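**Q** Predicted coordinates and the sequence they were generated for:
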Amino acid sequence: MQNREQTILLVSDDAALCAAARREFETRIAGLRVAAVNNVGAARRILEDDAPAVILLEEASIAAEGDGPRGQVPRLDAVVTSLAVYAPVVVIGTAEQRTELSALIAAGAADYVARDGGCLPAAMGMIQRRLRQAQRVADCTPERFNEGLEDFGEVLRHELNNPLTGILGNAELLLADIHRKNDGRLPNGGQQRVETIAALAVRLRETVRRLSQEWESRRDPAG
């Protein structure tokens with residue numbers, strides 16, 4: 001198996017943490033490319049063109065300038081949901097905030113580590129596990145589908161998990177806001193969430209169609 005270059009997107013405005021993370025990467029993970037930005041807005045601009053294997057997000061960076069309307073700090077679960085559409089997210093933050101991400105963690109879209117003296121080694125362990133998963137999927141090309149259902153199943157789980165997570169996460173957040181306001185109207189940002197859900201549903205449908213065509217072509221090459 002030939003390893004492909006893998007990328008981690010590091011989102012943090014803490015220079016000391018970034019430097020320590022880079023040292024940890026160099027020590028424990030060979031052949032890794034690191035793209036670092038200091039706020040979530042900059043991360044989203046990168047994600048428009050290039051999806052990394054894993055996103056490492058420092059919780060404090062979501063409050064950086066430009067990420068919320070009129071200086072309002074966005075909710076952590078909303079930010080992680082939007083990023084998890086592109087890649088699994090490993091979050092470093094306060095232990096109290098973990099419960100906010102419980103649904104995303106249970107869905108396999110995010111991991112969470114409390115920021116303390118040992119947070120980076122713990123985060124690196126999570127990242128290495130995610131990178132191994134991404135590498136297995138990357139090596140499972142359509143030419144290898146005939147080797148068995150296990151390879152195809154790995155690709156299927158990977159390809160479908162991200163859009164499904166985005167759909168479910170945005171729907172849950174939207175419903176929570178509607179129930180909280182209880183006025184029969186879409187809450188602020190509600191229209192954007194509905195548009196995101198619709199776009200992800202289209203992406204999911206196209207992914208299923210593409211994978212189905214690839215699988216059928218491998219089963220019946222003459223067709």
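**A** Looks like it arrived, so ask away.
**Q** Quickly list the domain ranges of this protein.
**A** Following automatic domain parsing, one finds the domains of the chain at 6-139, 142-219.
**Q** chain center to the last one, what's the gap?
**A** The reference is to domain 142-219. Mean C-alpha position of domain 142-219 versus that of the full chain (Cα atoms, centre = their mean, to the nearest Å) differs by 12 Å.
**Q** now the first one
**A** The chain centroid and the centroid of domain 6-139 are separated by 8 Å under Cα atoms, centre = their mean.
**Q** quick one: average pLDDT of it?
**A** Averaged across domain 6-139, the pLDDT comes to 82.
**Q** Next: the shortest one.
**A** The predicted model assigns domain 142-219 a mean pLDDT of 72.
**Q** Deepest-packed of the domains of the chain, please.
**A** The highest mean neighbour count among the domains of the chain, using mean count of other Cβ atoms under 10 Å, belongs to domain 6-139: a mean of 17. No exception for glycine: its C-beta is placed from N, CA and C like everyone else's.
**Q** if I look at the nearest residue to residue 20 once chain neighbours are set aside, how far off is residue 195?
**A** In this structure, residue 20 finds its nearest non-sequential neighbour in residue 120, 5.9 Å apart by Cβ to Cβ, 6 or more residues apart in numbering. As defined by Cβ to Cβ, to the nearest Å, residue 120 lies at a distance of 37 Å from residue 195.
**Q** what do you get for residue 135?
**A** For residue 135, the distance to residue 195 (Cβ to Cβ) stands at 33 Å.
**Q** Residue 83 too?
**A** Residue 83 is 17 Å from residue 195, by Cβ to Cβ.
**Q** need the contact list for residue 174.
**A** 186, 187, 190, 193, 194, 197 (Cβ atoms under 8 Å, 6 or more residues apart in numbering).
**Q** ok, 6 Å please
**A** 190, 193 (Cβ atoms under 6 Å, 6 or more residues apart in numbering).
**Q** Tell me the secondary structure of it, please.
**A** helix (DSSP: H, G, I helix; E, B strand; the rest coil).
**Q** how close does it sit to residue 181?
**A** 11 Å.
**Q** Residue 74 too?
**A** Applying Cβ to Cβ to residue 74 and residue 181 gives a distance of 17 Å.
**Q** returning to what we had before: distance of the residue nearest to residue 20 from residue 112?
**A** From residue 120 across to residue 112, the span is 14 Å (Cβ to Cβ).
**Q** Quick one: the helices in this structure, in order.
**A** 15-28, 40-47, 76-84, 102-106, 119-139, 149-181, 190-219 (DSSP state H).
**Q** Can you add distance to residue 55 and give those helices back as CSV?
**A** Putting these into CSV (distance: least, Cβ to Cβ, whole Å) gives the following:
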stretch, distance to residue 55
helix 15-28, 12
helix 40-47, 7
helix 76-84, 5
helix 102-106, 12
helix 119-139, 9
helix 149-181, 11
helix 190-219, 17
